[in-house]
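*Asks:* Predicted coordinates and the sequence they were generated for:
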Amino acid sequence: GSYTVTLTVTDTRGASSSATTTATIANLSPVVNAGANQVVAAGSPVTLNASFTDGGNDGPWSYAVEWADGSAQTTGSATPSTPIAPSHVYASGGTYTVRVSVTDKFGATGSGTLTVNAASQLVTLVGAGNISRCGRTGDDATAAILDTIAGTVFTAGSGEFEGSLTDYQTCYGPTWGRHKARTFPVPGKHDYDSSATAAGRAPRRPATSAITGPSRATRRKAITASTWAPGTSSC
């Protein structure tokens, strides 16, 4: 804003003189953090978690979100202490640069952007290695990468888990296990031992789905597209 500044000088005999000038202080724009990039399936809602900082006397504030898909902006009021969290649904797959803008009462606007990767309704296949094994960090790293990628995961390794049932629960569960609902094996030769669970070991079969094909008692089973029906593991 603009302020009138007056300087007065007085000598020892009481005589004084004043001079006046105008000081104009520029308003700073809000600083906007649009939030982390996100991955979402097309047709499912994505919710933002944006925030901003600004001078304490610059309110009230308003925000506007441009979704980059041709839809209307989402607008509303905002405060520095409350997240800006509107939701949006992308009808089509693609990568969208979302812009979040905040305007203060003086008309100054700040903005930030994030990227939303909306996966197409078409099946997206994500190839990854074997299942998991205790004592290794690769499965943790791969699972962390999968956290950022939408789609159906297929295991390019042998697709089997070797170890005790406790290992399966404590090592597979926290890593690949959190993606089990969308992980499927590839056709090929896979081990399966129907007596393993009874002996206290993890069943030697792809740990991500249930076999509904030929007899499970077979030690070595060829899995083809016609004999394998993905499902949820009961292990």
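*Replies:* Good, I have the coordinates.

*Asks:* Using the record, which stretches count as separate domains in this protein?
*Replies:* Segmentation of the chain into domains, based on automatic domain parsing, reads 31-119, 125-223.

*Asks:* In terms of mean pLDDT, which of the ones you listed ranks lowest?
*Replies:* Lowest mean pLDDT of the domains of the chain: domain 125-223, a mean of 63.

*Asks:* Where is the longest helix in this structure?
*Replies:* helix 138-146 (DSSP state H).

*Asks:* For that one, buried residues please.
*Replies:* The neighbour-count criterion (16 or more other Cβ atoms under 10 Å) identifies 139, 142-143, 146 as the buried residues of helix 138-146. C-beta here means a position set from N, CA and C on the backbone, and glycine is covered the same way.

*Asks:* Would you convert the residues you listed into CSV that also reports distance to residue 67?
*Replies:* Converted to CSV, those look like this (distance: Cβ to Cβ, whole Å):
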residue, distance to residue 67
139, 36
142, 31
143, 30
146, 26
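
*Asks:* in the protein, which spans are helices?
*Replies:* Assigned by DSSP H, the helices in the chain fall at 138-146, 165-167.

*Asks:* Output the contacting helices and strands for the longest helix of the chain.
*Replies:* In this structure, helix 138-146 makes packing contacts with strand 125-128, judged by 3 or more Cβ pairs under 8 Å, 6 or more residues apart in numbering; DSSP states H and E.

*Asks:* Let me see the contact set for the residue nearest the centre of the chain.
*Replies:* Residue closest to the mean C-alpha point of the chain, counted by Cα atoms, centre = their mean, is residue 38 at 4.0 Å. Under the criterion of Cβ atoms under 8 Å, 6 or more residues apart in numbering, the neighbours of residue 38 are 46, 114-117.

*Asks:* From residue 93, how far off is it?
*Replies:* As for residue 38, its distance to residue 93 is 14 Å (criterion: Cβ to Cβ, to the nearest Å).

*Asks:* circling back to that earlier point, need the domains of the chain in TSV with distance to residue 3, can you?
*Replies:* Listed next are the domains of the chain as TSV, based on distance: least, Cβ to Cβ, whole Å:
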stretch	distance to residue 3
domain 31-119	13
domain 125-223	50
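
*Asks:* List the residues that contact residue 169.
*Replies:* Not one residue lies near residue 169 by Cβ under 8 Å, 6+ apart.

*Asks:* number of nearby residues for residue 111?
*Replies:* Neighbours of residue 111 under the rule other Cβ atoms under 10 Å: 18.

*Asks:* In space, what's closest to it - neighbours in sequence excluded?
*Replies:* Nearest non-adjacent residue to residue 111, counting by Cβ to Cβ, 6 or more residues apart in numbering: residue 101, 4.1 Å away.
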